[in-house]
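Visitor: Structure for this input, please:
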Amino acid sequence: MTIPDAPYHQQHADAVAKGEHYYTDAQTGFLVFTSLYHLARGLCCENTCRHCPYDFKKP
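Guide: As a prediction, the model looks like this:
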């Protein structure tokens with residue numbers, strides 16, 4: 001589930017604007033794949049990734 005005003009949305013937008021496939025979340029320190037990475041991968045991994053362009057939702 002994504003929250004529209006979450007701080008990572010700007011980080012994601014900045015990374016995508018630069019054509020990057022990942023960024024480091026400023027709050028958690030985790031490496032997060034951008035939607036560009038997922039699109040380049042070509043298929044959904046079904047792990048409910050934060051920026052999944054395939055809108056996968058676990059049942």
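Visitor: drop to CA atoms for contacts and neighbour counts, all remaining ones
Guide: Noted.
Visitor: Apart from its chain neighbours, what residue comes closest to the residue most central in space within the chain?
Guide: For the chain, the residue whose C-alpha lies nearest the mean C-alpha position (Cα atoms, centre = their mean) is His51; its distance is 2.9 Å. Once flanking residues are discounted, His51 sits nearest to Ser35: 5.2 Å by Cα to Cα, 6 or more residues apart in numbering.
Visitor: try Glu46
Guide: Phe56 (6.2 Å).
Visitor: For that neighbour, give me its contacts.
Guide: 44, 46-48 (Cα atoms under 8 Å, 6 or more residues apart in numbering).
Visitor: Of those residues, which is the nearest to Gln11?
Guide: Taking Cα to Cα as the measure, Gln11 sits nearest to Thr48 out of the contacts of Phe56, at 18.7 Å.
Visitor: what about Thr34, how many neighbours?
Guide: 23 (other Cα atoms under 10 Å).
Visitor: need the contact list for it.
Guide: Thr34 touches 12, 15-16, 20-23, 51-52, counting by Cα under 8 Å, 6+ apart.
Visitor: Go again with 7 Å.
Guide: For Thr34, the contacting residues are 12, 16, 21-22, 51, by Cα atoms under 7 Å, 6 or more residues apart in numbering.
Visitor: surely the residue nearest to His51 meets Arg50?
Guide: No - taking contacts as Cα atoms under 7 Å, Ser35 lies outside contact range of Arg50: 8.7 Å.
Visitor: which one of those two has more residues nearby?
Guide: Ser35 (22 against 16).
Visitor: residue ranges for the helices of the protein, please.
Guide: Along the chain, counting by DSSP state H, helices occupy 8-17, 35-41.
Visitor: Nearest to Thr28, out of those?
Guide: Ranking these by their distance to Thr28 (criterion: Cα to Cα) puts helix 8-17 first, at 10.1 Å.
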